[in-house]
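S.K.: Okay, predicted coordinates and the sequence, questions at the end:
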Amino acid sequence: MGAWPALEPGWVWLCGAGPGDPGLLTLHAVNALRQADVVVYDALVQAEILDWAPQAEHVYAGKRGGKPSAKQRDISLRLVDLARAGKRVLRLKGGDPFVFGRGGEEAQTLIQHGVPVRIIPGISAGIGGLAYAGIPVTHRDVNQSVTFVTGHDQSGATPQSLNWRAIAEGAQVLVIYMGMKHVDQIAAALLEAGRPADEPVAVVCSATTPDQRVLETTLGRMAADIGAAEMEPPAILCIGRSVLMRQVLDWQALMAGAAPRNLDPLNRGRPAEVS
Ligand SMILES: C[S@@+](CC[C@H](N)C(=O)[O-])C[C@H]1O[C@@H](n2cnc3c(N)ncnc32)[C@H](O)[C@@H]1O
């Protein structure tokens, strides 16, 4: 089995907690949870995950849930202070810390202050969350690339730095994080740039948790359908034909006894294993 790394006093381990289901924690994450003196966690970290660190102090540093928001710089400096106080610090973030998670900023601040860090990747919602909805983020008959996009920037607006026309023209499958707030603008920008209104879309809310909900819609209807179905963040939007694969791969529905809706949703007309 080999020796697992020791979380030494004065260190900060920056760790991804995955999209929600505690079963998606990595072994390195569990090893860290068992050793930490203090766990500084974000809003999207599920409460059961903290149960893996009963010995540690749990410090909330999130930006949701009606609780006061901590400023990013204050969080980073708090981590520095905890490390300098000789604590074994676990910084736990939803999904992967380096995917739309400000993990790079926090690690940079720690290193700038001379604090030793270890990075523990996690399963990102835009991959693992879609898998729980029965959507493969890549599929040979659909896409040879995938484009990950954030729906808002630091100011909270739709990112101005994004070239939506280029994205619309070039992205085979689009996976959008934090897209709910500006879903109307995102849909309008993609449609205006020529994406078809009947392109399949899935909206996966609270993926991998007991509250997971999935809405299947189209680019043209997505904004209205999200409102009508009262879909709430956190949510991943997936735009592209890979969404059709859910008709055969919705494994949670299959486990609950449902039959596959369509064994050949891409109309390949041949067995899947034949290339
Ligand atoms: C600040 S970003 C963090 C992303 C995270 N670092 C990751 O790799 O998944 C927060 C966004 O991630 C997405 N997200 C995170 N967890 C999710 C979940 N369980 N279900 C659906 N979307 C999720 C949502 O788009 C949410 O607004």
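M.R.: Cool, the structure landed.

S.K.: for the protein, what spans make up the strands?
M.R.: With strands called from DSSP state E, the chain shows them at 12-16, 38-41, 57-60, 89-93, 117-120, 147-150, 174-177, 200-205, 213-218, 235-239.

S.K.: burial measure for the residue in the stretch 1-150 of the chain that the ligand sits nearest to, as a count.
M.R.: The ligand sits closest to residue 95 of the stretch 1-150 of the chain, with a gap of 1.9 Å, by C-beta to the nearest ligand atom. All C-beta spots, glycine's among them, are computed from the backbone N, C-alpha and C. For residue 95, the count of nearby residues is 31 (other C-beta atoms under 10 Å).

S.K.: Could you give the bridge partners of it?
M.R.: Residues in a beta bridge with residue 95, per DSSP bridges, are residue 18.

S.K.: my guess is it meets residue 18, correct?
M.R.: Yes. The pair residue 95 / residue 18 is scored as a contact, 6.5 Å apart, by C-beta atoms under 8 Å.

S.K.: Quick check: neighbours shared by these two?
M.R.: Residues touching both residue 95 and residue 18 (C-beta atoms under 8 Å, 6 or more residues apart in numbering): 122-123, 128.

S.K.: Buried residues in stretch 134-142, which are they?
M.R.: For stretch 134-142, burial by neighbour count (16 or more other C-beta atoms under 10 Å) applies to 134-137, 139, 142.

S.K.: Any part of that stretch near the ligand?
M.R.: No. Stretch 134-142 does not reach the ligand (C-beta under 6 Å from any ligand atom); its nearest approach is 12.2 Å.

S.K.: elements contacting the longest helix along the chain?
M.R.: As assigned by DSSP state H, the longest helix anywhere in the chain is helix 72-84. In this structure, helix 72-84 makes packing contacts with strand 12-16, strand 38-41, strand 89-93, helix 103-112, judged by 3 or more C-beta pairs under 8 Å, 6 or more residues apart in numbering; DSSP states H and E.
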